[in-house]
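Participant: Give me a 3D structure for the following:
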Amino acid sequence: MLAKRIQPMVFQARRLYVELMFQVMGRALQAVSEIDAAVQKEARGLPEGFLFEMMVMPDGSRFIVEHIGDGRFHYHGDSAPRETDLSIQFKHIAHAFLVLSFQEKTSVAFANDRMLVDGDISYAIRMTRILNRLETFILPKLVAQRAVKEYPSNLHLPEKLLSAARIYLKVASNFVDTVRA
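Facilitator: Predicted structure coming up:
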C-alpha cells in the first residue's frame, strides 16, 4: 500500500530531475562551446544552423541547441525555431534518469536500446563526443569515468577545475538572465 503512494512521487521526482538536468546540459553546451577549443573544433564539423535536440519520448522534457557557426552553440530551451536536424530520444523517463544520474553510460544505454537517434548518425556521434567532453569538465573524475566511454588521459586537474568553474559561471549567469527576462 505504501509503495502505491510512493511510486507516483518517485516518478515525479525523476521527471523533475531530468527536466533540470536538460536545462543545465543545454546551457552548459553553450558555455563549453564558448571556452573549449576541442569542443569548438568538433562542433565546426556541424553545419551552421544545425539544431540538436535531446528529449524523453513521447512529449517529455527536452532541450535544444543550435550550432551558430565557428564551433559555438546557442541554447534554445525546450522550443525549436524550426524542425530539428538531430534528435536523441530516450524511450522512457526511467532510461533518461539512468543516464542523467550517471548510473549508465550513454553508449550502454544506446546498446541496451533505451534511446533512439533520429537524424544523421555521424552527427549523433559528433554530439556524443561533445557531450562526453562537457561531462569530463563538469563532473568529478570518479563520476565522469562512469558517465563517459573513455576519460581523457591528457586532462589535468588545473585545466579541469578552471574549465569547470568557467562553465558553471556561464551556466549560472544564463539562468539569472532567464529569470530576469
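
Participant: Which strands or helices does the strand ranked longest in the chain pack on?
Facilitator: Assignment by DSSP state E gives strand 62-69 as the longest strand of the chain. Packing partners of strand 62-69 (3 or more Cβ pairs under 8 Å, 6 or more residues apart in numbering; DSSP states H and E): helix 2-35, strand 51-56, strand 72-77. The way it works is simple: take the backbone N, C-alpha and C, and place the C-beta from them, glycine included.

Participant: May I see the buried residues of it?
Facilitator: R62, F63, I64, V65, E66, H67 (16 or more other Cβ atoms under 10 Å).

Participant: And those residues, which two are furthest apart?
Facilitator: R62 and H67 (17.2 Å; Cβ to Cβ).

Participant: which SS class is S87?
Facilitator: Put simply, S87 is strand when judged by DSSP: H, G, I helix; E, B strand; the rest coil.

Participant: which ones are touching the residue nearest the centre of the chain?
Facilitator: Computing the C-alpha centroid of the chain and ranking residues by Cα atoms, centre = their mean puts M25 first, at 4.1 Å. By Cβ atoms under 8 Å, 6 or more residues apart in numbering, M25 lies in contact with M54, F63, L100, L131, L134.

Participant: All set now, cheers.
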